[in-house]
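Participant: Generate a structure from the sequence data that follows.
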Amino acid sequence: MKASFIALLAAFVGPAMAFTPVSRAFTRKGGVMMSHFSTIKTQLKDKELLLSSLKDIGVEVNVAETTQPVRGYKGETVQAEIAIAQENGQDIGFRFNGEAYEMVADLQFWGQTVPVETFLEKLTQRYSVNTVLESAAMGGFTTEQFVENKVDGTVEIELSRYVM
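Facilitator: Numbers count the residues shown, from 1 in each chain. Predicted structure coming up:
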């Protein structure tokens, strides 16, 4: 007997909960800027799923065993496990905060082809898809059909599992 299930993921899986800005670590009051890096919290907890999701959306990454410098304005750096080099010499990083990977970057020098919000929405959706596929595989399901609607951004995954 064959059991079939269809998983449908919305284009913006929990966009309000997926990422939120944490801090902009600089002050204009005293005239001294400590850092231009922004930290954006995410719900991305699994490093391997994060790496495969970044690859799936066409982003090349540098991965370190521990941490590596992420370059920012005027040579400033922060440490992160994952770095994305941009053509403008400024990097985007993902560092583990003990619970999830947060994104760190100098947003004034964002060099991706899409805005920050769109980048994070695409990444979060791909991470959700990869999570469903991994969980399904661990549960003995196979992917029968995978359809991504380019117009509205929805993803439809048909899974099946033979049961006796």
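
Participant: List phi and psi for Asp56.
Facilitator: When quoted as degrees, to the nearest 10, the phi and psi of Asp56 stand at phi -60, psi -30.

Participant: Grab the nearest non-local neighbour of it.
Facilitator: Nearest non-adjacent residue to Asp56, counting by C-beta to C-beta, 6 or more residues apart in numbering: Arg126, 4.9 Å away. Using the backbone N, CA and C atoms, a C-beta is placed for each residue, glycine as well.

Participant: now do Thr77
Facilitator: Nearest residue to Thr77 in three dimensions, chain neighbours excluded: Pro69, at 3.9 Å (C-beta to C-beta, 6+ apart).

Participant: what comes up buried for the host helix or strand of that neighbour?
Facilitator: Using DSSP states H and E, the element containing Pro69 is strand 62-71. By 16 or more other C-beta atoms under 10 Å, the buried positions in strand 62-71 come out as Gln68, Val70, Arg71.

Participant: CA atoms of it as PDB?
Facilitator: What follows is strand 62-71, C-alpha atoms only, in PDB (Å, rounded to 0.1, in the frame of the first residue of the first chain):
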ATOM      1  CA  ASN A  62      33.700  30.000   3.000                       C
ATOM      2  CA  VAL A  63      33.300  27.700   6.000                       C
ATOM      3  CA  ALA A  64      35.700  27.600   8.900                       C
ATOM      4  CA  GLU A  65      36.100  24.900  11.500                       C
ATOM      5  CA  THR A  66      35.900  27.400  14.300                       C
ATOM      6  CA  THR A  67      35.600  31.100  13.100                       C
ATOM      7  CA  GLN A  68      37.000  33.400  10.500                       C
ATOM      8  CA  PRO A  69      37.000  37.100  10.100                       C
ATOM      9  CA  VAL A  70      34.100  38.700   8.200                       C
ATOM     10  CA  ARG A  71      35.300  42.000   6.700                       C
END
